[in-house]
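Colleague: Return atomic coordinates for the entry below.
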Amino acid sequence: MKPGRGFLAIIVLALLLAGGWYAVRHIPLIGEVSQRLLNDEATPSLPVFTFNDLEGNSRSSTEWKSKVLVVNFWATWCPPCREEMPLFNEMQEKYGSRGVQFVGIAIDDPEMVRDFSAVYAINFPILTGGVDAIKLANSLGNRFDSLPFTAIFDREGNGRYHQAGEIKRKTLERELPPLL
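Modeller: Below is the predicted model:
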């Protein structure tokens, strides 16, 4: 692949994801339908996945076996994704000692993600992924290629909840305690 093509592919991917996010977030009918469809379908079980962390180390979902796992797909250029990060930091602090593990999977340039993570002092693992991360999100129920997208799994890896769009505190406070 020529150097210019990779950059163009990332731009096209970003535009497609941003369009999906905009549609779910700003067009009421699509947002209502997408949320209803997501909530009516069972969240699939946690598949084994592996992506690199911000230091370039390979990290696998098996590392968090026996934890309540909150997997969030996001990007630095996504406004609601940025809005969620302080809440995720707070929830990781609050529930981490009780067996909850947040994991962010960024669909973005690793250097941008490193800078973002440093500024926001992220206290949970951040992994970087591209097309494979989008495929993983799709397999977990993200039918509209929306960002952010969050999936919650119990200690046995069973899918318990998934949501396209920004997740709110009241949702996490409702979904996490029964899994502890």
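Colleague: Point to the helix or strand of the chain where mean pLDDT is at its lowest.
Modeller: helix 28-40 (a mean of 42; mean pLDDT, DSSP states H and E).
Colleague: Do you have the strands of the chain handy? List them.
Modeller: All strands of the chain, identified by DSSP state E, fall at 50-53, 58-60, 68-74, 100-107, 126-129, 149-153, 159-164.
Colleague: Buried residues of the shortest one, list them for me.
Modeller: It refers to strand 58-60. Buried residues in strand 58-60, counting neighbours by 16 or more other CB atoms under 10 Å, are found at R59. Heads up, the C-betas are built off the backbone N, CA and C, glycines and all.
Colleague: Now do it: everything it contacts.
Modeller: V48, F49, T50, F51, N52, D53, P125, L127 (CB atoms under 8 Å, 6 or more residues apart in numbering).
Colleague: Using JSON lines, lay out the strands of the chain together with mean pLDDT and distance to Y120.
Modeller: Putting these into JSON lines (pLDDT from 0 to 100; distance: least, CB to CB, whole Å) gives the following:
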{"stretch": "strand 50-53", "mean pLDDT": "97", "distance to Y120": "16"}
{"stretch": "strand 58-60", "mean pLDDT": "97", "distance to Y120": "19"}
{"stretch": "strand 68-74", "mean pLDDT": "98", "distance to Y120": "11"}
{"stretch": "strand 100-107", "mean pLDDT": "98", "distance to Y120": "10"}
{"stretch": "strand 126-129", "mean pLDDT": "96", "distance to Y120": "10"}
{"stretch": "strand 149-153", "mean pLDDT": "97", "distance to Y120": "17"}
{"stretch": "strand 159-164", "mean pLDDT": "96", "distance to Y120": "21"}
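Colleague: Switch those over to a markdown table; also include distance to R82.
Modeller: Shown next, in a markdown table, are those (distance: least, CB to CB, whole Å):
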| stretch | distance to R82 |
| --- | --- |
| strand 50-53 | 20 |
| strand 58-60 | 22 |
| strand 68-74 | 8 |
| strand 100-107 | 11 |
| strand 126-129 | 13 |
| strand 149-153 | 14 |
| strand 159-164 | 16 |
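Colleague: Okay, now the unreliable bits of the chain?
Modeller: Across the chain, the ranges flagged by pLDDT under 70 are 1-41.
Colleague: still on that earlier bit, now the contacts of strand 58-60: which count as buried?
Modeller: Going by neighbour count (16+ other CB under 10 Å), those have F49, F51, D53, P125, L127 buried.
Colleague: how about the fourth one, what does it touch?
Modeller: Put plainly, it is P125. Going by CB under 8 Å, 6+ apart, the list of residues near P125 reads D53, R59, Q101, F102, V103, G104.
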